[in-house]
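> I need the structure of the sequence given here:
(chains A and B)
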Protein chains: 2
Amino acid sequence: MQQFRLYIMLFLMVIIPLTVFAEDGSRLWLRFPAKNGISADKIISRGNNPTLNIARKELSSHWQGQAVELRTDRSLKNLKGGYTIKTINNKLVISAEKETGLLYGVYHILRLQQIKSVVTDLDITEKPSYDVRILNHWDNLDGSIERGYAGRSLWKWEELPGKISPRYEEYARANASIGINSVVLNNVNASPDMLRNDYLVKVKALADIFRPYGIRVYLSVNFSSPKALGGLENSDPLDKNVRKWWKDKAAEIYRLIPDFGGFLVKANSEGQPGPQDYGRTHADGANMMADVLKPYNGIVMWRAFVYSPSKEDRAKQAYLEFVPLDGKFRNNVIIQIKNGPIDFQPREAFNPLFGALKKTSEMVEFQITQEYLGQSNHLAYLAPLFKETLESDTYAEGEGSTIARITDGTLHPQKLTAVSAVANIGEDKNWTGHQFAQANWYAFGRLAWNHELNPEQIADEWIKMTFTDDKRFLDPVKDMMLTSRETVVDYMMPLGLHHIFAGGHHYGPEPWGDYKGGRPDWSPVYYHQADAEGLGFNRTKTGSNAVSQYHPPLNEIYGNINTCPENLLLWFHHVPWNYKMKDGKTLWEELCYKYDTGVRNVRRYQVTWDRMQPYVDEQRFAEVQSKLKIQSRDAVWWKDACLLYFQTFSKMPLPYDIERPVHELEDLKKIKLDMGHHN
Amino acid sequence: MQQFRLYIMLFLMVIIPLTVFAEDGSRLWLRFPAKNGISADKIISRGNNPTLNIARKELSSHWQGQAVELRTDRSLKNLKGGYTIKTINNKLVISAEKETGLLYGVYHILRLQQIKSVVTDLDITEKPSYDVRILNHWDNLDGSIERGYAGRSLWKWEELPGKISPRYEEYARANASIGINSVVLNNVNASPDMLRNDYLVKVKALADIFRPYGIRVYLSVNFSSPKALGGLENSDPLDKNVRKWWKDKAAEIYRLIPDFGGFLVKANSEGQPGPQDYGRTHADGANMMADVLKPYNGIVMWRAFVYSPSKEDRAKQAYLEFVPLDGKFRNNVIIQIKNGPIDFQPREAFNPLFGALKKTSEMVEFQITQEYLGQSNHLAYLAPLFKETLESDTYAEGEGSTIARITDGTLHPQKLTAVSAVANIGEDKNWTGHQFAQANWYAFGRLAWNHELNPEQIADEWIKMTFTDDKRFLDPVKDMMLTSRETVVDYMMPLGLHHIFAGGHHYGPEPWGDYKGGRPDWSPVYYHQADAEGLGFNRTKTGSNAVSQYHPPLNEIYGNINTCPENLLLWFHHVPWNYKMKDGKTLWEELCYKYDTGVRNVRRYQVTWDRMQPYVDEQRFAEVQSKLKIQSRDAVWWKDACLLYFQTFSKMPLPYDIERPVHELEDLKKIKLDMGHHN
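Model (predicted):
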């Protein structure tokens, strides 16, 4: 017996350390001290609100510092859900109009503690840049996720509402910790079934869990739901039966979920139904829905991602469809516009709809999930991409008319302000597939709260919270993150190249893709326009004239090959192979060096990461190391595919100081990955 | 009609240049001027010997220089088949004992012409280093080739003797042009059917074609032929019926082929039958055969590649079996010994049998076909490997007892001298699979003729003859060739590592190979002996003591870790991971850098070759470029497989200035190539 106990002890001595230090990434950036926080008497607050209870629990579990007072102060309405943190008599006083503001303030001080920032003499005022900071989940009712790369959907529809996964609350807490306050639960390619009563009951169960964390639930809706689900003859937005159906449905929803946020709609896009099916406009459709939601303070986010199989340059189409409708939308409609006019490419020119709509609320739709950025295999920190869009100056009202200022309501008065992003979250233990993809969820939340933050600050915070503040780790990893998106651009599609991905899964390269019989604008050759003379899409006056959709002086800057930024050169111009770039190289040489630089940088990241081994737990070290190997191989694949293919047009040798291809073009053309849109 | 003719002309103008410049490598190094040679009156010779006819035809077709006289001179017997070339009165006089010597002389001056060497004032005397300069074809009767990587067998047994491929004569001419005078037609793992009369008739057809080119035919024979083919009760070499069977068979062969060369025998090795099956010795077996061949001046080449599944270090076994038999072999027996004691590895210590047999004729067996050197995918110029063996000093009779001097008969009197190599020739248009593998056929022939030549001279000749003498091509390509074998060693098995190939096909890496239930010495783990302490096979006194098989001072030099050449360190020693190498690095670091250097050098070759594009025809350029891509990928595969595997023992990080692995060890372990021994 004595001996048996000894075995048990030895067993535990071996097992326990493994358990304590096992790191699968499931804790995200929420690695507050495990030891107890301050005692109850040092938490001063009144009331029994569920949100307040969470705030108190976070403090009592994790806050190691001075006493904290949580004050609701209805006079702080101007902070729009924000809060203040002030040091008063050695005590931290967090004040906010509402309890969610207090919870945000608590996460703020926990973050300061976690990153070992000073927490004395604080005088902080935080006011969010956007009212609605929203994740779009492209999750289907069958559990699959369109463009999801972190396992299947977090939402277990078949289990709800009876069985509640603990991850629902963990998810809500993670969002609250970075200020995300809204969630669209389902795919924009929406099933009408989403609005069935049994599903709404499931949605209610999630909404009830999210609510204390300040998160409102929204749904993507299928425009033809009245016909498909309600059995009506059609879904014409001007049909009174249709309007009634929506009105009744809204009432049904709000009975279950009084704070329901509203609808996200993909209409008349890529085969989805919409008002144009009945000869109506996007405004007719959006306004009909807005009217039924209005009484409940619900909103409609109407997507501008539309393009028809016409001969018109795809990059121009959203503008052409929506600008004539400017001013015709209800004030609880907001037009949700992808950052670029094509589709979440590694780099795009900004979408010219921003700043073109002057009497209509506009919001950005970013993509956190890396559909076009190596999915969950490639390390690509996206804050620089998000920031690049937000800082883009549209010149809509002269210099300084950035997309940030257009969408946050400071340029044109805009009742509703919002920013959205397609989530990268799935049921994987680490939530996002790649450990570093957590940073993109984090960065979106932080920028949605404060678009003045810069990518470096955010990376700094995230690394300190998620890994360590040891400078031997922090500095090299931050450098890797900050350069990583540009590296992906370099090895995938530099200099403004775009959409030369393999069809369907959009993972690997397929610049030779030319899908006969399909829409031309679904083929890579449509986008790169390579020929014996050169490379790139002529969007100047002599081409599609997409440049005309930009305000002066951008139309001139982009339209002139000599002033067009080189990172967008092939987006706007068909450029001769021997065109002299600013560094004196020819276009062909520059292209070669860009691809080569991309490959070399990934190899550099591999070294960087391997050097980090002493500072990281074993599991996360190994996982990231393994992903970087894939990225390294993929970078070579991209480089070889694109350079060998484009070389068939340029007929020029690769500069001899770049690494030679190791693949045959013909072999690469045969690669067909067994991947779909869905996970 | 007029117009039709024009079309034809235009058609021909397009087609003809393509035909003229199409280069598939089928012409090997025999690219003598296509225009006519000197007129008949400038070729002075007498007689109508078939060999002489060929010599005259080569001159009249290709020789552009002064008049040439071909003189047979029986007094030149001391040149052992060699020749002299002298300028006499503005005329070149080639003299030799026999017509084959004259033919060699003609090829000599054609070579000088081709490489643009001076052909005036010549005073050349050439005497071959070896009497028998022989290719071993490992071709099977079914047309497959063991370890053949250039397509199937050149010998169309099913067509012979009725149908004669023009390639038989082209093959004979190529051999004659470099002095090869003997050929074993079939695999050492010989089918008894080879000695069937119908096959002998086919062999005779080949012998008749080869004879004018000075080439004698030999056959590999199966030791149990008397039983298997003759229906005898056994094949005991001391059985009089067996002896009679062989005697009759010899008579039958020599009736068909009066200049038949003799037999090559693989006996009691890897499952082949042999005299030990009947309790007899190798000497009993070899002498029995030697006796029946003696009347015809035939010889027996008896292979020393034997190792039994005993506990004894495989590297020691040939020595242990053959040294006791020294002096017991007939003088028309020659022991054929692989250059190293294991099996044609990228680098081996030399076989200690060389110099251990003092009263027995010895010859080297090289391998031209790249069984262990990337087959026909990797560029590996093997003259440095051949030369390394020939120059190895055995110290058998004190310093200077090189393998060259042992086998050429200058160290010990040796009636018979010979050198052999396993051919890399198949039915591929370019003969050898890889365009640069032709150089290994060429180099073996040249070294067999004159083992004093150095690899650089041979490469220089070969490049000039096969491609161009343009220095912009010659110098970089020569550098690539001369370093290429060491590069393969670096990325496959540096520092004396050996036989960590995947089982069976021996193409890729499998250092983890541990074939339970099989012979230990067929498993890679047997050879590298990696463990927590270190790496390498202890063949010192504290280990297998294979070092004792070497003459002093080599036994001491190899046996002492401090004096053992580092390129054989892991061949002879089990070396601690942190052992300090001469450059100050640890063994582990050195190993990493070697693999990395191998990869980098292949990438360098890719650049070198790409730069050569202006100087090479399109087809050969593209073929070599493509092979280098494979080699480049394979080098990374080798490096990753070996370093990741050995790292599981060393537990040390890869130095951070080497490129990181891009594969997972577990994935590499799953690779099973669909390849056999045979092509």
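> The stretch 51-200 of chain A: helices as residue ranges?
A:99-114, A:166-177, A:197-210 (DSSP state H, counting those that start in this stretch).
> since we're on the residue of the stretch 401-550 of chain A found nearest chain B, how many residues are nearby?
Taking Cβ to the nearest Cβ, chain B has its nearest neighbour within the stretch 401-550 of chain A at A:Pro476, 11.2 Å off. Glycine gets a C-beta too; all of them are placed from N, C-alpha and C. Number of residues near A:Pro476 (other Cβ atoms under 10 Å in any protein chain shown) recorded here: 18.
> who does the host helix or strand of it touch, helix- and strand-wise?
Per DSSP states H and E, A:Pro476 falls inside helix A:471-492. Contacts defined by 3 or more Cβ pairs under 8 Å, 6 or more residues apart in numbering or on different chains; DSSP states H and E place helix A:471-492 against helix A:383-391, helix A:455-466, helix A:587-611, helix A:618-650.
> residues touching the residue of the stretch 401-550 of chain A closest to chain B, list them.
A:608, A:611-612 (Cβ atoms under 8 Å, 6 or more residues apart in numbering or on different chains).
> just for chain A, where's the confidence low?
When residues are selected by pLDDT under 70, those of chain A lie in A:1-22, A:677-679.
> hmm, back to that, out of the helices of the stretch 51-200 of chain A, which one sits most buried?
helix A:99-114 (a mean of 23; mean count of other Cβ atoms under 10 Å in any protein chain shown).
> what's the angle from that one to helix A:166-177?
80 degrees (axes from the mean of the first three to the mean of the last three Cα atoms, to 10 degrees).
> Tell me, how many residues neighbour the one residue in the stretch 251-400 of chain A that gets nearest to chain B?
Residue of the stretch 251-400 of chain A nearest chain B, by Cβ to the nearest Cβ: A:Asn377 (12.4 Å). Residues within reach of A:Asn377, counting by other Cβ under 10 Å, total 21.
> same deal with A:Asn450?
A:Asn450: 16 neighbours (other Cβ under 10 Å).
> Is it in contact with A:Ile124, as I believe?
No: applying Cβ atoms under 8 Å as the test, A:Asn450 and A:Ile124 come out as separate, 11.6 Å apart.
> check contacts around the residue nearest the centre of chain A.
Centroid-nearest residue in chain A, with Cα atoms, centre = their mean: A:Ile368, separated by 2.7 Å. Going by Cβ under 8 Å, 6+ apart, A:Ile368 touches A:135, A:382, A:421-424, A:437, A:440-441, A:444.
> for A:Leu373, same thing?
A:346, A:380, A:382, A:485, A:488, A:492.
> Which two among those residues are spaced furthest apart?
For these, the farthest-apart pair by Cβ to Cβ is A:Leu382 and A:Met492; their separation is 14.0 Å.
> what residues does the stretch 501-650 of chain A put near chain B?
A:603, A:606-607, A:610-611, A:613, A:626, A:628-629, A:632-633 (Cβ under 8 Å from any Cβ of the partner chain).
> Name the SS class of the residue of the stretch 251-400 of chain A closest to chain B, please.
Under DSSP: H, G, I helix; E, B strand; the rest coil, A:Asn377 falls in the coil class.
> How many neighbouring residues does A:Thr51 have?
Counted with other Cβ under 10 Å, A:Thr51 comes out at 19.
> how close does the nearest residue to it once chain neighbours are set aside sit to A:Gln64?
Among residues not flanking A:Thr51 along the chain, A:Glu99 sits closest, at 3.8 Å (Cβ to Cβ, 6 or more residues apart in numbering or on different chains). From A:Glu99 over to A:Gln64 the distance is 23 Å, taken as Cβ to Cβ, to the nearest Å.
> Next: A:Gly231.
60 Å.
> If you count surrounding residues, which of these two has more?
Between A:Gly231 and A:Gln64, counting by other Cβ under 10 Å, A:Gln64 is the more crowded of the two (14 against 8).
> Hmm, the more buried one is touching A:Gly37, no?
Yes: with contact defined as Cβ under 8 Å, A:Gln64 counts as touching A:Gly37 (6.2 Å).
> contacting residues around the residue nearest to A:Thr51?
A:47, A:49, A:51-52, A:55, A:72, A:214.
> Quick check: the farthest pair among these?
A:Gly47 and A:Gly214 (15.5 Å).
> which of those two has more neighbours?
More crowded of A:Gly47 and A:Gly214, by other Cβ under 10 Å: A:Gly214, with 23 against 10.
> measure the closest residue to the more buried one other than its chain neighbours to chain B for me?
Nearest non-adjacent residue to A:Gly214, counting by Cβ to Cβ, 6+ apart: A:Thr100, 3.3 Å away. Distance, A:Thr100 to chain B, using Cβ to the nearest Cβ, to the nearest Å: 45 Å.
> Thank you kindly, that will do.
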